[in-house]
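Participant: My questions are about this predicted structure, shown below with the sequence.
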Amino acid sequence: MCGVLGIVGKSPVGPSLYDGLTVLQHRGQDAAGILTCDENGFVNLRKDNGLVKDVFFSRHMQRLNGNVGIAHCRYPTAGSSSPAEAQPFYVNSPFGIALAHNGNLTNAESLRRRIFRDDLRHINTSSDSEILLNVLAHEIYKALGDDTYTLTNRHIFQAVEGVFHRCRGGYAVVAYIMGVGIIAFRDKFGIRPLIYGYRDTEAGREYMVASESVALDSQGFKIIADVKPGEAIILPLEGDVQTHQCVKDVTYAPCIFEQVYLARPDSMIDGISVYRTRMRMGEKLAKKIAREWPDHDIDVVIPIPDTSRTAALEMSQLLGVRYREGFIKNRYIGRTFIMPGQEQRKKSVRQKLNAIELEFRGKNVMLVDDSIVRGTTSKQIVQMAREAGANKVYFASAAPPVRYPNVYGIDMPAASELIANNRTVEQIQEQIGSDKLFYQDLQDLIDSASEGNPQITEFDTSCFSKRYVTGDVDDEYFARLETSRSDDAKKSKEAEPSELRDVSQFSS
Ligand SMILES: O=P(O)(O)OC[C@H]1O[C@H](OP(=O)(O)OP(=O)(O)O)[C@H](O)[C@@H]1O
Ligand SMILES: NC(=O)CC[C@H](N)C(=O)O
Ligand SMILES: [Mg+2]
């Protein structure tokens, strides 16, 4: 997951893009970028590795002029973590196009070969997003045909149809086309989220498109709609939003892990309140525990901050057990799961969470997390609870066991790194060292999300179920992924000399 954002404004958009990115920071902590187009038609780009607050200094903001722009915060899930792969990416032809992408293409390698051989385009990084931009650019060029000078909405929609035809996987895209405005589209399953809205100002109506509704709320934009699977929208420099359903044969199957962990709780995704989903997850898990263990001896329910809080509070109420904040989170440490290496993740859990001994001493505690992925957090937390004097340490995960890789933009590429892969619940319990372990049932998780919008009945649940909605992922694909993107593979890539390919127009 990454955060994408675009604004067509009536006054300079640089500051709003910056503020919007800070609201989407939880989606990507590794790199950030903003691209604006000024009144002279020049594109200004600043991107680099780091948190939003560390990438943009006032000297950069002063140069990010113009009333239109796009932005991105990155959590690498393809290619490398080189600053050259920070986004947005830019190509100068046709017209000048910049793109920011959330998701992963599953056919990136074959596209890369064809782009070079058939479209005569050179890709300069190992990023799948650069491939996506070049496919879009080529499709725009093709749609134009002989009509070289006038790019119309019809051409753009036709080009996006071409992108849908060629690109597989998960993609929520925001792109800027010189002289046109911002276009946005979402793969035909709607795997990654994308939503747009407007804000009326004295100078006229402004539009924003972003990964999550919180980015719109926080800047006073009113929601118009989610971009639908297989749909493209144009936010023009002048005039109203244009929409077009580019693919007729679509399945609405958004990623359920957005509801579990990725998105902020105050976001609405596809009409579903993430907060309410997490509440329902807590209720359903409590019911399961009450069913399977009616005479439980839990004294206190303790969440593992941050994300599990919502589910844990509901759980405690349904179980009729006290809720206590037994772990305090250091607010200056980022999210550990989306950190790039296992060493860093491991160290950060201890730096991030500290136990309040009094809440543990002599008690039977039920620790609740939203999910257990590599087990980095749960293993250390169980130990911390014991060290704090807990009598019994039980553990509950508000999501089912994560057993399979995610290939659509969450960095869980290697099954071997997942604690639940090829293990029974009892074996996982032994690994994390708890006295009992409960997992949510998959159907209960699906119901938790679906009850928020009964029109959405399908979700991408691949990391729990091994059902990949795009239908193009097989064991050979997993094997390639494991060799190229496991933690060990990434470590050996880092050992290579750093790339000297920073394409940003001014980098410091
Ligand atoms: O089993 P693991 O591999 O440890 O991954 C799962 C943990 O990682 C996430 O927390 P994170 O610290 O990233 O973010 P949060 O503060 O939003 O909970 C998630 O909420 C779990 O606590
Ligand atoms: N997590 C994401 O959405 C990442 C986007 C893209 N695949 C990249 O790695 O840069
Ligand atoms: Mg957590």
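Facilitator: Happy to help now that I have it. Ligands and ions are numbered 1, 2, ... in the order given.

Participant: For ligand 2, give me its nearest residue in the stretch 101-250 of the chain.
Facilitator: Closest contact between the stretch 101-250 of the chain and ligand 2, by C-beta to the nearest ligand atom, is at residue 102 (4.0 Å). C-betas here are computed from N, CA, C, even on glycine.

Participant: Identify the bridge partners of that residue.
Facilitator: Residue 102 has these beta-bridge partners by DSSP bridges: residue 172.

Participant: So it versus residue 391, what's the distance?
Facilitator: Look at residue 102 and residue 391: by C-beta to C-beta, to the nearest Å, they are 44 Å apart.

Participant: Over to residue 175?
Facilitator: 56 Å.

Participant: Look at these two and report which has more neighbours.
Facilitator: residue 175 (29 against 15; other C-beta atoms under 10 Å).

Participant: Mind telling me what element the more buried one is part of?
Facilitator: In this structure, residue 175 sits in strand 169-177 according to DSSP states H and E.

Participant: and that strand, does that touch ligand 2?
Facilitator: No - using C-beta under 6 Å from any ligand atom, we find that strand 169-177 stays clear of ligand 2, coming within 7.9 Å at best.

Participant: Below-threshold pLDDT in the stretch 151-300 of the chain: ranges please.
Facilitator: Applying pLDDT under 70 to the stretch 151-300 of the chain flags no residue at all.

Participant: The closest residue to ligand 1 within it - how many residues pack around it?
Facilitator: With C-beta to the nearest ligand atom as the measure, residue 261 is the residue of the stretch 151-300 of the chain nearest to ligand 1, at 5.1 Å. Neighbour count for residue 261, taken as other C-beta under 10 Å: 24.

Participant: From what I see, it and residue 372 are in contact.
Facilitator: No - here residue 261 does not reach residue 372: they are 10.8 Å apart, not a contact under C-beta atoms under 8 Å.

Participant: list the residues that contact both of those two?
Facilitator: Jointly contacting residue 261 and residue 372 under the rule C-beta atoms under 8 Å, 6 or more residues apart in numbering are residue 399.

Participant: Verify the stated contact: residue 180 with residue 237.
Facilitator: Yes - with contacts counted by C-beta under 8 Å, residue 180 reaches residue 237, the gap being 7.0 Å.

Participant: Kindly report the residues of the stretch 151-300 of the chain close to ligand 1.
Facilitator: residue 261.

Participant: And the strands in the stretch 151-300 of the chain?
Facilitator: 169-177, 181-186, 195-201, 204-210, 222-226, 231-236, 242-245, 268-269, 272-273, 300-303 (DSSP state E, counting those that start in this stretch).

Participant: in stretch 386-399, what's buried?
Facilitator: For stretch 386-399, a neighbour-count test (16 or more other C-beta atoms under 10 Å) marks 386, 388, 390, 392, 393, 394, 395, 396, 397, 398, 399 as buried.

Participant: Now residue 107: closest residue in space that isn't a chain neighbour?
Facilitator: residue 168 (4.4 Å; C-beta to C-beta, 6 or more residues apart in numbering).

Participant: Ok, residue 383 next?
Facilitator: residue 433 (6.5 Å).

Participant: what about the one you found, neighbour count?
Facilitator: Number of residues near residue 433 (other C-beta under 10 Å) recorded here: 17.
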